[in-house]
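# Sharing a model prediction with you, sequence too.
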Amino acid sequence: MAWRRPTADNEIIKSALGEEGHERFFLLALLEHLPDQIYFKDRDSRFILCSESCAQRLGLRSAADAIGKTDYDFFAPDFAKLGFDTEQELMNGGERIVDLEREEVHADGRVTWASTTKMPLVAPNGETIGIFGVNRDISLRKQAELALRSANERLAAIVQIQREIAQTELDMDAVRSIVVERTRGLAEADGAVIMLVEGDELVSAAGSGWGLEKLGTRITADPKSAFHAAMKNKRSQQVQSDKGVGHLGEDLDQLFEREVRSLLVVPLEHDQTVVGLLCVTRCDTKTFDEGVAESLELLSIVLSAALSNAAEFEQRKQRIEMLAQFEAIYSRAPIGIATIDAGLRVRDPNPALCELLDHQRDKLEDAPIYSFISKDDRAREKRYLHSLLRGASDFYSSEARFERADGVTIWAHVTVSLVRDAGDGSPHFAIMMIENVTERHLAEEAVREQSALNEYQALHDALTGLPNRTLFHDRIQHALLTSEREGGRMAMLMMDIDRFKEVNDTLGHHAGDALLKELANRMQSSLRATDTVARLGGDEFGLILPGQINASDIVALLEKLQRAMEPPVTIDDLPPVALEVSIGVAVYPEDGTDIESLMRHADMAMYLAKEEGRDYAFYEPSAGN
């Protein structure tokens, strides 16, 4: 961790915590207080350090309890194996993971959602020693997103049912058949049945699935049953029992030949009187969720009027009721939602969207949605929306920047779904969901920047900024492969500073460092853009000259380097220091075809130049013997 722009405050902190303790203090502060889950693992994917929030996610009392454990200690085996395989692939050069949204299956059966980022943990010598990662719990957002999508799908299904009913021309048998068939699918039930009130009895008038088995059956509702409670209280009723809901007083054995363990009953009203019941059943005890009950209650408005007298059902009243239900869904959503018409104008923005964009509802209503998108992302989002509303696709998601009314730019995750006309399937409008992900985006950017810095530091010399030995070897290998493939030549040079130890001993290491940096600058300014110069350690440097290069070209470059070294180096108020170097040259393929032989022969040539008092020397096989 490098200090930048030191200030008086930084110096006070460093003084209070010690030269080495301040960095650990800041790291521990992040691990203790940051809500995002941070962790570090070794090559065997064992935890070696994690934040307190990560420990809480794993069900531990403290971060120390995670040390030495793996995902197999906390998650289901299949999920843990997937994580282990992914991390091993990452440490072996696989693609880095940034903002991967995934479902987590814990060992105790719990299911959560997380946005995860994983990067290789690279030591200063370039070796990958493990991984580090950042997790953010997005379970609430995912649950809300899935619940909202389900609600929208159910709402669209109800609209479709209403249209199908309108096309039956008030044929009551057809209306009942449509309702029970669609209701069973909407509720994911095993059976659906419509019971009509006739005096003191209930008559099975229509059924789907299990409800088809005993049509026309008449029963008298048990006073303890959900049927009786729904008619009396005019409210939906739901019951479950492992022994079958008939055990609780239901008369289902007269209606179904199979045992029902879960039952939802919705009253059908007309003129404030219950005229029938809409029932859905399951063979298991899984509860019908609240959204299903709300959807069936909304559907009951349509069905009740049709069963009583469809001709008397006011179209305007129905639309108002449906809009009220739709508004209820919108107003409760934790993320911004609006419908987008064919002209890309905003319709019915919910309160969360108004708050997200810092605009009053009247400023959003009828405004083009792209007018709130940053100019950098506007053209792309307009293209996506136009394509969707032309019917080219039914769904898309992206991330875009939005401009708030207060001038603040936020990052948002955008999800858009197309709603088609029930009749001909043509595009009708789109539903857009907008979630503020600015904090996550900034955190990911910080991780990416830190990763890039770590990678740079692992491959470059800290003093001169030149490539280090690891990167030098990589560049040589690349140059050798290119030369071999193209039948070309390349040269490798080894160089060190003459009497460098004397400079350190007489003028101090500060002067020696300044001399090394000046040498690096002069070499870089003298070389071609395709050449590489690296600091291999101490006062030893290596140069790679790739491409179709001959001896005269190498000599010209060597003389250019010598001219660059001629001016003495002035260091603060010290006497000028002469910059003298010895250079050895080895050429591919004459002097070697692999890295080791080329470096060894160039090194031998350098010492030959030093012994003979020359500025440079080419490798001579006879001298090597």
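Alright, I've got the coordinates. Numbers count the residues shown, from 1 in each chain.
# Wasn't Gln457 part of a helix?
Yes. Checked against DSSP: H, G, I helix; E, B strand; the rest coil, Gln457 lies within a helix.
# so what pLDDT did it get?
Gln457 is assigned a pLDDT of 82 by the prediction.
# For it, list the residues it contacts.
Neighbouring residues of Gln457 by C-beta atoms under 8 Å, 6 or more residues apart in numbering: Pro124. Backbone N, C-alpha and C define where each C-beta goes, glycine included.
# For the helix or strand hosting Met604, name the packing helices and strands.
Counting by DSSP states H and E, the element that carries Met604 is helix 595-611. Packing partners of helix 595-611 (3 or more C-beta pairs under 8 Å, 6 or more residues apart in numbering; DSSP states H and E): helix 469-486, strand 490-497, strand 581-588, strand 616-618, helix 621-624.
# Could you list the buried residues of the longest one?
Looking back up the chat, that one is helix 469-486. Residues of helix 469-486 classed as buried: Arg469, Thr470, Leu471, Phe472, His473, Arg475, Ile476, Ala479, Leu480, Ser483 (neighbour count, 16 or more other C-beta atoms under 10 Å).
# hang on, the earlier thing: least confident of the helices and strands packed on helix 595-611, on average?
helix 621-624 (a mean of 67).
# isn't Thr128 right next to Pro120, touching?
Yes. With contact defined as C-beta atoms under 8 Å, Thr128 counts as touching Pro120 (4.8 Å).
# So for these two, which residue has more residues nearby?
Pro120 (20 against 15; other C-beta atoms under 10 Å).
# Helix or strand: which one has that one?
strand 111-122.
# Quickly find the element holding Ile129.
strand 128-137.
# Figure out how far that strand is from the centre of its chain.
14 Å (C-alpha atoms, centre = their mean, to the nearest Å).
# just the CA coordinates of that strand, formatted as CSV?
What follows is strand 128-137 as a C-alpha-only set of coordinates in CSV (Å, rounded to 0.1, in the frame of the first residue of the first chain):
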residue,chain,number,x,y,z
THR,A,128,0.1,-15.8,-7.5
ILE,A,129,-0.3,-16.8,-3.8
GLY,A,130,-4.0,-16.8,-3.5
ILE,A,131,-7.1,-14.7,-4.2
PHE,A,132,-8.9,-11.8,-2.6
GLY,A,133,-12.6,-11.1,-3.1
VAL,A,134,-15.4,-8.7,-2.2
ASN,A,135,-19.0,-9.8,-1.8
ARG,A,136,-22.1,-7.7,-1.4
ASP,A,137,-25.4,-9.1,-0.2
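# Just checking: what are the partner strands of it?
strand 37-42 (antiparallel), strand 111-122 (antiparallel) (DSSP bridges).
# any chance of those strands in a markdown table, plus mean pLDDT and distance to Leu353?
As requested, the strands paired with strand 128-137 are exported to a markdown table (pLDDT from 0 to 100; distance: least, C-beta to C-beta, whole Å):
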| stretch | mean pLDDT | distance to Leu353 |
| --- | --- | --- |
| strand 37-42 | 91 | 29 |
| strand 111-122 | 90 | 22 |
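# Go through those and name the closest to Ile595.
strand 111-122 (21.6 Å; C-beta to C-beta).
# got the buried residues for that closest one?
Thr112, Trp113, Ala114, Ser115, Thr116, Thr117, Lys118, Met119, Pro120, Leu121, Val122.
# Just name the closest of these to Val98, please.
Thr117 (5.1 Å).
# in the sheet, who's paired with that closest one?
Applying DSSP bridges, one finds that Thr117 bridges with Val134.
# and if you look at Met433?
Bridge pairing for Met433 - DSSP bridges - gives Ile337, Thr415.
# What about it, how many residues nearby?
Met433 has 24 nearby residues by other C-beta under 10 Å.
# thought it was touching Leu148?
Yes. The criterion here is C-beta under 8 Å, and Met433 meets it with Leu148 at 6.8 Å.
# Quick check: neighbours shared by Thr128 and Pro120?
Common neighbours of Thr128 and Pro120, counting by C-beta under 8 Å, 6+ apart, are Met91.
# Show me where the stretch 351-500 of the chain has its helices.
Taking DSSP state H, counting those that start in this stretch, the helices of the stretch 351-500 of the chain run over residues 351-357, 361-364, 375-389, 438-459, 469-486, 500-507.
# any chance of those helices in JSON lines, with distance to Asp108 too?
Shown next, in JSON lines, are the helices of the stretch 351-500 of the chain (distance: least, C-beta to C-beta, whole Å):
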{"stretch": "helix 351-357", "distance to Asp108": "33"}
{"stretch": "helix 361-364", "distance to Asp108": "44"}
{"stretch": "helix 375-389", "distance to Asp108": "41"}
{"stretch": "helix 438-459", "distance to Asp108": "27"}
{"stretch": "helix 469-486", "distance to Asp108": "44"}
{"stretch": "helix 500-507", "distance to Asp108": "62"}
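# Most tightly packed of those?
helix 351-357 (a mean of 19; mean count of other C-beta atoms under 10 Å).
# name the helices or strands packed onto that helix?
Against helix 351-357 (3+ C-beta pairs under 8 Å, 6+ apart) you get strand 336-340, helix 361-364, strand 427-436.
# Report the angle between the last one and strand 336-340.
For strand 427-436 and strand 336-340, the angle between their directions (axes from the mean of the first three to the mean of the last three C-alpha atoms, to 10 degrees) works out to 160 degrees.
# Show me which residues of strand 427-436 are buried.
Applying a neighbour-count criterion of 16+ other C-beta under 10 Å, one finds Pro427, His428, Phe429, Ala430, Ile431, Met432, Met433, Ile434, Glu435, Asn436 buried in strand 427-436.
# Could you give the separation of it from the chain centroid?
Strand 427-436 sits 20 Å away from the centroid of its parent chain (C-alpha atoms, centre = their mean).
# Contact partners for the residue nearest to the spatial centre of the chain?
Centroid check for the chain by C-alpha atoms, centre = their mean gives Asp99 as the closest residue, at 2.2 Å. Shown in contact with Asp99 (C-beta under 8 Å, 6+ apart): Ser115, Thr116, Thr117, Arg440, Glu444.
# repeat that with 6 Å
Ser115, Glu444 (C-beta atoms under 6 Å, 6 or more residues apart in numbering).
# Compute the distance between it and His441, please.
Distance, Asp99 to His441, using C-beta to C-beta, to the nearest Å: 8 Å.
# do the same with Pro35
15 Å.
# Residue ranges in the stretch 151-300 of the chain under the pLDDT threshold?
By pLDDT under 70, the low-scoring segments of the stretch 151-300 of the chain are 151, 154-155, 157-159, 162, 165-170, 210-214, 244-257.
# redo that, cut-off 50
Nowhere does the stretch 151-300 of the chain drop to pLDDT under 50.
# which residues of it fall in strands?
Using DSSP state E, counting those that start in this stretch, the strands of the stretch 151-300 of the chain run over 191-198, 201-209, 218-219, 237-240, 262-270, 273-282.
# Pairing partners for the third one, with directions?
For strand 218-219, sheet partners with direction are given as strand 201-209 (antiparallel), following DSSP bridges.
# Name the residues that touch the strand it pairs with?
Against strand 201-209 from outside (C-beta under 6 Å, 6+ apart): 176-177, 180-181, 184, 190-196, 215, 217-221, 255.
# what about the closest residue to Lys363 other than its chain neighbours, neighbour count?
Nearest residue to Lys363, sequence neighbours excluded (C-beta to C-beta, 6 or more residues apart in numbering): Ala405, at 7.5 Å. Ala405 has 13 neighbours, counted by other C-beta under 10 Å.
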